[in-house]
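*Asks:* Generate a structure from the sequence data that follows.
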Amino acid sequence: MKFPQPSAFSWVVLATLGCVRLHLSAATFGEDAAFLQSHTGIIQLSDASGSAKVLLSPAWQGRVLTSTAGGDAGPSFGWINRELIDSGKLVPHFNAFGGEDRFWLGPEGGQFSIFFAHGVAFNLTNWFTPAPVDSLPFTVAGRSRTAASFTAQFSVTNYSGTCFEVGVKRTVRLLEPAAVWTLLKVAPAPGLNLVAYETDNTIRNQGTQPWTRQTGALSIWLLGQFNPSPATTIVVPIKNGPESSLGVRVTSNYFGPIPPARLVVRDDHLFFKGDGLFRSKIGINPVRSQAILGSYDADHQVLTLVQYDQDPAATDYVNSLWQLQDHPFSGDAVNSYNDGPPAPGAKPLGPFYEMESSSPAAFLAPGQSLSHVRRTMHLTGPVAALNTVALATLGVSLADIQSALPKP
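*Replies:* Predicted structure coming up:
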C-alpha cells in the first residue's frame, strides 16, 4: 500500500494483524525551506527573534508555502507536495504545489466557471485550473523583513465565453503577537508559541466591459493546504437560526454525500474530518458565516485559526457547484475540503485538507477593484492555554472538538 509523501508530515505505514495504522513524523521548517530553495526562488519573512517565519513563492502566485512558530527547528505547518515539486514537471489539471494560502479565482463550477470550457460536462476529466493562478509567476513589487507584495495581469475566460482582463495585487504581512491577540479579541495566553500572517488581495477590472450578473463575475478565492492527520478536526462556527431565513446550515454535496462519522452538524457549529483519506467538501453561505474557522490536531497540539474580512451587507457570492445553476450567485463565503482518492484505487491529489475563504462576487466596472483580507494563525503549547483560545474564538473546547466526530 503506497501513499504519496507530503513534506511536513510523511506517512509511515505499519501493518499489524491485518490492520493498517497511519503515523505522522514531522519535518522541520528548516528542512522544508532547504528543499524549496533547491527547487524555486523563495522569500522568507521573519520576526526579530527568528522564531516566527513564513515562506513565500513568487513563482507560484506569491503563495504562502509554509510557516513556523519555532524557527528553523520548529514544525512546518504548511503541506508541501515534494513529489510534484521534485519532479520538475507541470501536470494538466492542477499543480498542487501546496501552501497555506494560495490565490485563486472563482467560480469553479456552473455557467460562469473559469475551470471548465464551454459545453463540457462538469467532471474531473474536464476540470482545469487556469494557468495564471496555477503555474504562472507573479511579479515581486516590494519586500521587507516582515512583508512582501506581488502583482500580476492576465486574462481568463469563463464557461459562457466572457473574457476577463484582471489586475492583481497581493501583499503578505507577518503579524506581531500583540496585533494577533487584538484581532482575536483574546487576552494573551501564556506559554503559547504562535505565528500569524495576513494576505491582502485585490483584483481590478482592467478591461473595457463591466463584470455583471449577465456576463458572470469573478471572486477572490483563498485556499490553504495543511497537513492531515487522523486526529485533526476542522471546526466551523455558524449562525444559528431557521433555514427559512438563513439558508441551509451546510452545503455538503460537492463530491457526493459525506458519512456521518466525517461531518457532524450542530445548531451553531460544524465538525469535519481532516485526515486526507476521503474526498469531500463543505460550504457555508455568507449569512451563516462567522468570518472564522479553525482546526485542531490533537496529536501534535496545533490549533490553527483562519480569520477573514467579510462585509455583512454582501450576499452575492459565486456558486462553485459543478453543475449548471439556477442561482449562480448564491455560493459560499467559506469552505473546507478534505482530500482523498477521487475513485477507488486512484491516487489523491495530496493528501491534505484545506480551509478556504472567498470574497463576494466582483461586479466591477472598468477600473474598479475589490479586496479580500485573510489571516492564518498557528498556535502550539500547553493544552490548557490552547483551550482558552479555542473557547474564545471558535466557541468550543478542545475536548468538545476531539469528541465531536465518532471514533473510527
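
*Asks:* So what touches stretch 156-171?
*Replies:* With C-beta atoms under 8 Å, 6 or more residues apart in numbering as the test, stretch 156-171 has contacts from 61-62, 103, 105, 110-114, 116-118, 130, 132, 138, 141, 147-155, 199-207, 211, 215-216, 218, 369. All C-beta atoms are positioned from the backbone trio N, CA, C, and that covers glycine.

*Asks:* Show me what counts as buried in that stretch.
*Replies:* Residues of stretch 156-171 classed as buried: 156, 158-159, 162, 164, 166-171 (neighbour count, 16 or more other C-beta atoms under 10 Å).

*Asks:* Just the ones of those in strands?
*Replies:* Mapping the buried residues of stretch 156-171 onto strands (DSSP state E) picks out 156, 164, 166-171.

*Asks:* what would those residues look like in TSV with distance to Gln310 and pLDDT?
*Replies:* TSV is the format used below for these (distance: C-beta to C-beta, whole Å; pLDDT from 0 to 100):
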residue	distance to Gln310	pLDDT
Val156	24	98
Phe164	23	98
Val166	22	98
Gly167	23	98
Val168	20	98
Lys169	20	98
Arg170	19	98
Thr171	19	98
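
*Asks:* Adding distance to His93, write those out as JSON lines.
*Replies:* Output for these, formatted as JSON lines (distance: C-beta to C-beta, whole Å):
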{"residue": "Val156", "distance to His93": "16"}
{"residue": "Phe164", "distance to His93": "21"}
{"residue": "Val166", "distance to His93": "21"}
{"residue": "Gly167", "distance to His93": "26"}
{"residue": "Val168", "distance to His93": "22"}
{"residue": "Lys169", "distance to His93": "27"}
{"residue": "Arg170", "distance to His93": "23"}
{"residue": "Thr171", "distance to His93": "29"}
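
*Asks:* Closest one to Gly283 out of these, please.
*Replies:* When these are ranked by distance to Gly283 (C-beta to C-beta), Val156 comes first, at 21.9 Å.

*Asks:* who's that closest one bridged to?
*Replies:* Phe164 (DSSP bridges).

*Asks:* do the same with Tyr317
*Replies:* Counting by DSSP bridges, Tyr317 is bridged to Ser330.

*Asks:* per-residue confidence at it?
*Replies:* The model reports Tyr317 with a pLDDT of 98.

*Asks:* tell me which element Ser244 falls in.
*Replies:* Using DSSP states H and E, Ser244 falls within helix 243-246.

*Asks:* Run through who's touching that helix.
*Replies:* Applying C-beta under 8 Å, 6+ apart, the set of residues contacting helix 243-246 is 239, 249, 285, 287-288.

*Asks:* Which two among those are spaced furthest apart?
*Replies:* Arg249 and Val287 (10.7 Å).

*Asks:* Looking at these two, which has the bigger crowd around it?
*Replies:* For the pair Arg249 and Val287, the greater number of neighbours falls to Arg249 (22 against 14), based on other C-beta atoms under 10 Å.

*Asks:* Number of residues surrounding Gly191?
*Replies:* So Gly191, with other C-beta under 10 Å, has 10 neighbours.

*Asks:* Please look at it and Ala385 and confirm they touch.
*Replies:* Yes. Counting by C-beta atoms under 8 Å, Ala385 is a contact partner of Gly191 at 5.1 Å.

*Asks:* Would you map the strands across the stretch 201-350 of the chain?
*Replies:* Taking DSSP state E, counting those that start in this stretch as the criterion, the stretch 201-350 of the chain carries its strands at 219-226, 232-237, 263-265, 269-273, 280-284, 292-297, 302-308, 334-338.

*Asks:* now the angle from the longest one to strand 232-237?
*Replies:* Per axes from the mean of the first three to the mean of the last three C-alpha atoms, to 10 degrees, the angle that strand 219-226 makes with strand 232-237 is 150 degrees.

*Asks:* Strand 219-226 to strand 302-308, inter-axis angle?
*Replies:* Using the same axes, to 10 degrees: strand 219-226 against strand 302-308 is 180 degrees.

*Asks:* same for strand 219-226, what does it pack against?
*Replies:* Helices and strands touching strand 219-226, by 3 or more C-beta pairs under 8 Å, 6 or more residues apart in numbering; DSSP states H and E, are strand 102-106, strand 193-205, strand 302-308, strand 353-358, strand 369-380.

*Asks:* right, so those strands: which one is the most enclosed?
*Replies:* strand 353-358 (a mean of 26; mean count of other C-beta atoms under 10 Å).

*Asks:* Quick one: mean pLDDT for that strand?
*Replies:* The predicted model assigns strand 353-358 a mean pLDDT of 98.

*Asks:* can I get the CA coordinates of it in PDB?
*Replies:* The C-alpha coordinates for strand 353-358 follow below in PDB (Å, rounded to 0.1, in the frame of the first residue of the first chain):
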ATOM      1  CA  TYR A 353      -7.000  19.300   4.000                       C
ATOM      2  CA  GLU A 354      -8.000  22.800   3.100                       C
ATOM      3  CA  MET A 355      -9.600  25.800   4.800                       C
ATOM      4  CA  GLU A 356     -10.900  28.300   2.300                       C
ATOM      5  CA  SER A 357     -12.500  31.800   2.200                       C
ATOM      6  CA  SER A 358     -13.900  33.900  -0.600                       C
END
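
*Asks:* okay, the buried residues of stretch 156-171 in JSON lines with distance to Arg266 next?
*Replies:* JSON lines is the format used below for the buried residues of stretch 156-171 (distance: C-beta to C-beta, whole Å):
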{"residue": "Val156", "distance to Arg266": "38"}
{"residue": "Asn158", "distance to Arg266": "37"}
{"residue": "Tyr159", "distance to Arg266": "36"}
{"residue": "Thr162", "distance to Arg266": "40"}
{"residue": "Phe164", "distance to Arg266": "39"}
{"residue": "Val166", "distance to Arg266": "39"}
{"residue": "Gly167", "distance to Arg266": "42"}
{"residue": "Val168", "distance to Arg266": "38"}
{"residue": "Lys169", "distance to Arg266": "39"}
{"residue": "Arg170", "distance to Arg266": "35"}
{"residue": "Thr171", "distance to Arg266": "36"}
